[in-house]
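Peer 1: Fold the following for me, if possible:
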Amino acid sequence: MSGPAWEDPRRVLARHGLRPSRRFSQNFLVSEGVVERIAEALGPAEGERVVELGPGAGTLTAALLRRGARVLALEMDRRMLGLLEAELGEEPGLELREGDAAALDLAELGLAGPVAVCGNLPYAVTGAIFRRLVAQRERVDRAVLMIQREVRDRLLAEPGTKAYGALTVFTTAAFAVEPVMLVKPGAFHPPPKVTSAVLRLRPAPRAEETPAFRAVVSAAFEKRRKTLRNALGALAPREVLDPAFEAVGIDPRRRGETLSVEEFAALAATLEPALDAR
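Peer 2: Take a look at the predicted model:
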């Protein structure tokens with residue numbers, strides 16, 4: 001591998017007189033081993049386009065460039081953009097863009113075809129970023145992301161458990177979610193108060209994302225302690241709901257948190273004509 005060598009981001013930040021920003025929820029990876037594991041998990045091919053969310057001081061950026069990736073790095077902290085320009089601006093495989101990962105729009109970035117996505121996500125906006133990825137599933141070839149362990153547990157949760165929720169259903173309806181590794185706080189500067197986790201996302205063979213699916217799942221978890229019949233009452237009257245429950249074999253006395261993705265998809269498909277007619 002050729003390209004920019006590893007350098008501890010604390011040294012890079014000191015060279016530019018910068019410190020991590022609380023405003024941007026910055027925790028920089030200082031473990032070379034973890035950075036390399038993330039790059040390996042993504043596995044970019046030579047010349048492959050990779051969108052990096054929140055490159056920060058550029059440690060993961062450099063690891064991707066060493067593997068021959070063409071990196072479009074999206075950063076909203078202008079201080080870090082200046083640092084990246086100074087440290088890696090001469091790299092032919094790097095394109096820097098100012099932008100907010102929580103408002104990610106892959107089409108607006110002008111990228112043709114599905115792309116690989118990676119990043120050490122700011123934990124305050126993890127949910128927003130996942131929602132953007134789900135909405136643009138057809139443009140994502142795969143993604144490797146650093147998130148809070150708590151969010152990882154939610155994404156891997158089984159129906160009927162406390163951690164299972166709308167984020168679980170929407171994400172796993174769009175992507176196969178694979179755990180890669182757990183990361184201790186000491187791998188970061190400054191160390192966060194929580195354990196982190198790396199996940200890999202691959203598009204599911206058949207996405208269930210439809211307006212009816214979104215409406216049913218959202219309603220079911222908005223009032224998660226209510227039965228399905230009551231939680232979905234705002235979407236359709238009982239004379240519509242009850243035949244739909246019977247058609248897909250779901251007891252209307254169940255709560256939404258007990259339904260699998262497949263059951264939500266079947267129920268949404270059955271209710272779709274009625275919901276479209278509203």
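Peer 1: Would you mind giving both backbone torsions of Gln136?
Peer 2: phi -120, psi 30 (degrees, to the nearest 10).
Peer 1: ok, for it, nearest residue in space, not its chain neighbours?
Peer 2: Among residues not flanking Gln136 along the chain, Leu106 sits closest, at 5.2 Å (CB to CB, 6 or more residues apart in numbering). In short, each C-beta sits where N, CA and C put it, glycine included.
Peer 1: Okay, domains of this protein per the record?
Peer 2: 9-203, 211-276 (automatic domain parsing).
Peer 1: Quick one: these as CSV, columns for mean neighbour count too.
Peer 2: Compiled in CSV, the domains of the chain are given as follows (neighbours: other CB atoms under 10 Å):
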stretch, mean neighbour count
domain 9-203, 18
domain 211-276, 17
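Peer 1: Redo these as CSV? Include mean pLDDT and distance to Gly3.
Peer 2: Shown next, in CSV, are the domains of the chain (pLDDT from 0 to 100; distance: least, CB to CB, whole Å):
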stretch, mean pLDDT, distance to Gly3
domain 9-203, 96, 4
domain 211-276, 95, 40
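Peer 1: thinking again about what came up before, what's near enough to touch the residue nearest to Gln136?
Peer 2: Under the criterion of CB atoms under 8 Å, 6 or more residues apart in numbering, the neighbours of Leu106 are 51, 115, 136, 139-140.
Peer 1: So Glu108 versus Arg97, what's the distance?
Peer 2: 10 Å (CB to CB, to the nearest Å).
Peer 1: whoops, Ala215 was the one
Peer 2: In this structure, Ala215 and Arg97 are 34 Å apart, going by CB to CB.
Peer 1: same deal with Leu13?
Peer 2: Taking CB to CB, one finds Leu13 at 21 Å from Arg97.
Peer 1: Which strand residues bridge Val50?
Peer 2: Val71, Ala116 (DSSP bridges).
Peer 1: Test my guess that it contacts Ile38.
Peer 2: No: judged on CB atoms under 8 Å, Val50 makes no contact with Ile38 at a distance of 11.3 Å.
Peer 1: anything in contact with each of the two?
Peer 2: Cys118.
Peer 1: Geometrically speaking, which residue is the centre of this protein?
Peer 2: Phe130 (3.4 Å; CA atoms, centre = their mean).
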